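Here's my sequence, what's the structure:
(chains A, B and C)
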Amino acid sequence: MMQAQPLRAWLVRYGMLIALAALLLVNVLVTPNFLQMQTLFVNISQVATIAIVAIGMTLVIATGGIDLSVGAVMALAGAIAPLVFTSAFGIANPTLGLLAAIVLPLLVAMACGLFNGLMISVLRVQPIIATLILFISGRGIAQVLTNGNLQTFSNPAFSYLGTGRVLGLPFQGWLALALALLAFWLVTRTIHGRHLLALGGNERAAELSGVPVRRVKIGVYMICAFLAGIAGLIVVAINSASDAARNGNLMELDAIAAAVVGGALLQGGRAPVFGALIGAVIIQLVKYTLLANGIEDEVALIAKAAIIVAAVALQQGRRE
Amino acid sequence: MAPLLSMQGIDKAFAGSVALDKAALIVGAGEVHGLIGQNGAGKSTLIKILTGVYERDAGEVTFEGQSLRVASPREAQARGLSTIYQELTLVPLRSVTENVTMGYEPRSRFGLIDWPKAHRRTREILTGFGIDIDVRTPLGEHSTAIQQLVAIARAVSLEARLVIMDEPTSSLDEREVSVLFSVVERLRANGTSVLYVSHFLDELFRICDRVTVMRDGGDVADHAIVDTRKSALIADMLGRDIDEVESTGMTELGGGTASVGELVFEAKGVATNRRLRHLDIAVRRGEIVGLGGLLGSGRTEAARAVFGADELSSGSLHFMDQAAPPKTPADAIAAGIGFLTEDRKAEGIVPDMSVRENLTLALLPALTRNGRIRRREERELVDRFIRSLGIKASHRDQPIRELSGGNQQKVLLARWLAIHPKLLILDEPTRGVDVGAKFEIQSIIREHVESGVGVLLISSEFEELVEGADHIVVMQDGVSVSRMSNPGITEERLVSAIAHSVQVSE
Amino acid sequence: MDERSFDLRALLHGNGQSIGVWLALVGLILFGVLRYENFGGAYNIASFLNYNAMFILIAVGMCLVIITGGIDLSVGSVAAFSSVCAAYLSPYGLQVALPGGVLAGMALGAVNAFIIIVLRVPPFIATLATLLGAKGGSLVLSGAETIAVDWSSNFTRLGMGKAFDLVPWSILIVLVVVVIAWVVLERTSLGRTLLAIGGGEEASRLMGLKVGRAKAFAYLFSGGCAGLAGVFLASGFGAGQPLEGVGWELSAIASVVVGGTLLTGGLGSITATVAGALLLGLVFNILNFENGRGTISLSAYWQQVIRGGFLFFVILLQMRVARRRMDREAPT
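Numbers count the residues shown, from 1 in each chain, chains lettered A, B, ... in the order given. The predicted model follows:
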């Protein structure tokens, strides 16, 4: 095995942070009003949802799998919540209704994760195909539930999820951070995390060493779906409206991109949780930089594509 | 006359560990040349450099009078080198015909593949090997022996100047080996040279003209076969004196003085869905029971059944202090059974994890409280094993893929020793390991057997079984067919029991 | 067994396990013919095939890529991109716009091939990136608007006209492409190399096969098919559409999987993939008819759900067949 050339190795280790620093620098110099509180607020607001989903996606990718259904799960969770607290029950019991409006969608999300997990671990279906099923039908189910209608509502308690502030910064940003810390602790300090990484690193070796492969896989897909559910609720909270057709659209691509840029290896075996956060921030910053400087959204797409390729190509070199 | 092939001063290193150190090899035209050495001596690496899979770090290669530096297997084939690798490197999903003719399919008028002709030609070639099968079926549906013969058929049909055969008989019975030898004779008569690598030393004396011995990455001897004898070759391979070999043996597995204790487990008529058909075997504390047999005879399947990795379809498996036999590896580990697998790259190491994490992988439940891993205990345990097994790593957190084969194997062995096993199942424990580490691993195994661990040992290095095992069970096609006990086992007896030519239907 | 005899079984299944898809296809056709009045009529058949021509093309391209063990997620965006290119080229007539669109697709396929083979980026990520890049490219090229084609040229004859006033051009062209793909896969060394790569890339390399070249072909071909589909898109709907193509790759993957091709590669059949694409299209056709009868009222959303459920059952079936096949194989 050839040693990675020193420059490449250095690039890989610090590349992410360098890119982040570079992006920040460019913005400070070029973008008007960048160093304002408002800008920070907007960016955190937008990046939090991607980051939360990316954490779950990182864990799934760490097992060597992938979850294409996250966007659909977001839409589904986001569609159920307003239905609950605008129902007769919800109006009659506001606090219970609110609780149910959060718990129920998350339970449904976990059920989706369970479905994915069972397909993949018990039926041995390839992750890309297994999660494809919900990708295709999940959003449809959400739209059936809402009859394709946009549901608007006014529920300040619920909206706190997306518009609330803690210490002047968006609630969802703190939530994303907390979830990242929890995931990090799980991966680095617990037996479950060790099992996860072993499974992704060499599934056969892990199985023969007593790792409960099925349980770990099912668990990881359930966690990913759970996090997607949270993200879906946040989006609905931000807009005070649930649009099942657009909630979480293309989110799977963003989440995968963030995870990969953050250092996750598609073959599995690595779960860089904070990398996912940074990856999400980088992608968000690129989008914002282009937008704020008057460049069209479309170019941002191309830029995103190039970043993903560069990030993975560099990491492939490390893996060789 | 100038030699057909000359390799001189070949160096090759992988990520810090040296595989070849000034290795040399000379093969004449129309010559059958044996290449032998223990596991880890560098034979496979040398061959892969010759055939373009690896690139050499230094040295010269001359083939047919011209300098040879091939960058790919395709180039090597084009230059007249054809290879049968040790691992079956064909495509099981594709048909037998495709595997034999891939890249060289016969064409019809419009330049398109003429399948009927391809099938016909393949059938002819295989009939010449004594094989009668439907060549249109996927290769993977046939036995390992057939697959190996198909690989040989392909290599031979490519009309090369030098055919390299790496362990070509590892899954063949006596009749099939004779067929192979007649093919080799034909090649020699044609002026084609053959480079022949085999564990079965007796084969060399039947078929080779010369033999080169490798050890620790270099060549140490090059004899005409008539000028040497088996014990001399073994001494060369091990780097020991002939007399020493004959008095103390070739391995560190022998010389057990432990008293054999109670039964650890007993299997009667065990079968699984993975081609294990009938297994009768028992292991007691303090003894080594060997499993012998050809490649594809079901030894690994037997190990997996005992470990609970495969589900039993019939028969009984009785562990002395358990109510029920293990249904999963986790059960087995909890019951004190360890399983060191054959292929550490595919089933052993988690390459991105550290030495520490790999070592404690099977022991995790015992190191965990409330979900959290007790890191200080883990560190102490790992340090202890690094010391006692002599694992050469720069730090316990070094990624395991950076270690040499021998050290990786020690880490894996430690993984299983850490669970305080009552039964250790070892599948080729010294494969791909340098001679020094090999002896160390063998000593460690003997040590633990002396302290009461029962061992089920699978090894294709006969001396390990002959010297180390108290009993050997020979397997054939998924069935345990015979049993022999020490003292009284010799390599001749073992080899003849293994290659016993009972024609078994597919 | 007479190896010279024409092997109908082999023609139908090719290499995959696909009796199921043919049965399902025949079954659905019978169901439709019996139940709905105009189902078997020339109009329905022609418009059905015309519409699904694009999807069949993309599925065929995808089949070759999946056979090598890879995947091409960019086909939808490539088709959209090519439709925009073709629309711009439409004033110069079909003779320029058609090759133009196909070449645009192949160029993007070449980008995929480069990233996958030279940069060693896994196909999933590489084609995901191209998906985004091509989408961005389409929007930039078109100024984020649909581009009307030049109706005065012969361009729209492709998507809306008929050859010999009988068979829509699109169907003829698709047929030609399918035949070419079939011949390449079954009767050329290149095709067998694709299958070998999917069955064992390392082994293929050691056998001396030209792995890099074969893979490049697969991605170029897939890009070309997507490009051609884009030309159909522009020609059939009268406009280049930068935002179309979303989800097309998934339909293609579903068609390929339904047709019995292994997602891990090494086993696959062009004819069965076509059957799979037809089957998926038929499910929708039938749903539309059913809606028309008024017996059920399925919103578009239910259709998505049904699509997902359908894929689910097909996968279950495939898994059972695949499991039985694995059990038959020899031990190590």
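
Mind checking if the helix or strand where A:Cys112 lies is in reach of chain B?
Using DSSP states H and E, A:Cys112 sits in helix A:94-121. No - Helix A:94-121 is not in contact with chain B by C-beta under 8 Å from any C-beta of the partner chain; minimum separation 13.7 Å. The way it works is simple: take the backbone N, C-alpha and C, and place the C-beta from them, glycine included.

helices and strands around that helix, which ones?
helix A:70-85, helix A:88-92, helix A:127-146, helix A:156-163, helix A:213-239 (3 or more C-beta pairs under 8 Å, 6 or more residues apart in numbering or on different chains; DSSP states H and E).

can I get the ones you listed in JSON lines with mean neighbour count, mean pLDDT and distance to chain B?
Output for the helices and strands packed on helix A:94-121, formatted as JSON lines (neighbours: other C-beta atoms under 10 Å in any protein chain shown; pLDDT from 0 to 100; distance: least, C-beta to the nearest C-beta, whole Å):
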{"stretch": "helix A:70-85", "mean neighbour count": "28", "mean pLDDT": "93", "distance to chain B": "25"}
{"stretch": "helix A:88-92", "mean neighbour count": "12", "mean pLDDT": "80", "distance to chain B": "36"}
{"stretch": "helix A:127-146", "mean neighbour count": "24", "mean pLDDT": "87", "distance to chain B": "19"}
{"stretch": "helix A:156-163", "mean neighbour count": "17", "mean pLDDT": "83", "distance to chain B": "28"}
{"stretch": "helix A:213-239", "mean neighbour count": "25", "mean pLDDT": "95", "distance to chain B": "10"}
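
which stretch among these comes nearest B:Leu363?
helix A:213-239 (17.3 Å; C-beta to C-beta).

Distance from the chain centre to the closest one, please.
8 Å (C-alpha atoms, centre = their mean, to the nearest Å).

what would the helices and strands packed on helix A:94-121 look like in CSV with distance to chain C?
Converted to CSV, these look like this (distance: least, C-beta to the nearest C-beta, whole Å):
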stretch, distance to chain C
helix A:70-85, 9
helix A:88-92, 23
helix A:127-146, 2
helix A:156-163, 24
helix A:213-239, 15
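
which stretch among those comes nearest B:Pro329?
Judging the helices and strands packed on helix A:94-121 by C-beta to C-beta, what sits closest to B:Pro329 is helix A:213-239, at 9.6 Å.

Let me know whether A:Gln267 touches A:Gly64 as I believe.
Yes - contact status for A:Gln267 versus A:Gly64: in contact at 5.8 Å, counting by C-beta atoms under 8 Å.

These two: who's more crowded?
A:Gly64 (18 against 15; other C-beta atoms under 10 Å in any protein chain shown).

How is that one assigned, secondary-structure-wise?
coil (DSSP: H, G, I helix; E, B strand; the rest coil).

For the stretch 401-506 of chain B, what lies in contact range of chain A?
So the stretch 401-506 of chain B meets chain A at B:Arg401, B:Arg415 (C-beta under 8 Å from any C-beta).

Tell me which residue in the stretch 401-506 of chain B sits closest to chain C.
Of all residues in the stretch 401-506 of chain B, B:Gly478 sits closest to chain C, with a separation of 7.3 Å (C-beta to the nearest C-beta).

Show me which residues of stretch C:204-214 are buried.
Neighbour-count burial for stretch C:204-214 flags C:Ser204, C:Arg205, C:Leu206, C:Met207, C:Gly208, C:Leu209, C:Lys210, C:Val211, C:Ala214 (criterion: 16 or more other C-beta atoms under 10 Å in any protein chain shown).

want to throw the residues you listed into CSV with distance to chain B and secondary structure?
Listed next are the buried residues of stretch C:204-214 as CSV, based on distance: C-beta to the nearest C-beta, whole Å; DSSP: H, G, I helix; E, B strand; the rest coil:
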residue, distance to chain B, secondary structure
C:Ser204, 7, helix
C:Arg205, 6, helix
C:Leu206, 5, helix
C:Met207, 6, coil
C:Gly208, 4, coil
C:Leu209, 5, coil
C:Lys210, 7, coil
C:Val211, 9, helix
C:Ala214, 11, helix
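
Farthest pair within those residues?
C:Leu206 and C:Ala214 (14.9 Å).

Please identify which of the helices and strands packed on helix A:94-121 is closest to C:Trp182.
helix A:127-146 (24.4 Å).

Residue 29: how many residues sit nearby?
In the absence of a named chain, this looks at chain A. Using other C-beta under 10 Å: A:Leu29 sits among 8 other residues.

Not quite, go with chain C.
16.

wait, what's in contact with the closest residue to it other than its chain neighbours?
Closest residue to C:Ile29 apart from its sequence neighbours, by C-beta to C-beta, 6 or more residues apart in numbering or on different chains: C:Leu282 at 7.1 Å. Going by C-beta atoms under 8 Å, 6 or more residues apart in numbering or on different chains, C:Leu282 touches C:Leu25, C:Leu28, C:Ile29, C:Gly32, C:Phe48.

I'd like the distance between C:Leu282 and chain B.
30 Å (C-beta to the nearest C-beta, to the nearest Å).

Make sure that residue is indeed in a strand.
No - under three-state DSSP, C:Leu282 falls outside any strand and is assigned helix.

Okay, it and B:Ile489: tell me how far apart.
As judged by C-beta to C-beta, to the nearest Å, C:Leu282 and B:Ile489 stand 68 Å apart.

Repeat that for C:Ala214.
Where B:Ile489 is concerned, C:Ala214 sits at a distance of 51 Å (C-beta to C-beta).

ok, now B:Trp416?
With C-beta to C-beta as the criterion, B:Trp416 and B:Ile489 are 26 Å apart.

Looking only at neighbour counts, state which of these two leads.
B:Trp416 (24 against 21).

For the closest residue to the more buried one other than its chain neighbours, list each beta-bridge partner.
Leaving aside its sequence neighbours, B:Trp416 sits nearest to B:Gly338 (C-beta to C-beta, 6+ apart; 3.0 Å). With DSSP bridges as the criterion, B:Gly338 is bridged to B:Leu424.

per-residue confidence at the residue in the stretch 51-200 of chain B that chain A sits nearest to?
Going by C-beta to the nearest C-beta, chain A is nearest to B:Glu55 of the stretch 51-200 of chain B, at 9.5 Å. Note for B:Glu55: predicted pLDDT of 90.

Same check on C:Phe284?
79.

could you measure it against A:Met251, distance?
The value you get for C:Phe284 to A:Met251, if C-beta to C-beta is used, is 26 Å.

same question, A:Ala79
15 Å.

Over to B:Ala469?
Counting by C-beta to C-beta, the gap from B:Ala469 to A:Met251 is 59 Å.

Beyond the helix or strand where B:Arg175 lies, next helix or strand please.
Here B:Arg175 is covered by helix B:174-189, with elements defined by DSSP H and E. Per DSSP H and E, the first helix or strand lying C-terminal to helix B:174-189 is strand B:193-197.

Next, count neighbours for C:Glu164.
Not quite, residue C:164 is Phe, not Glu. 6.
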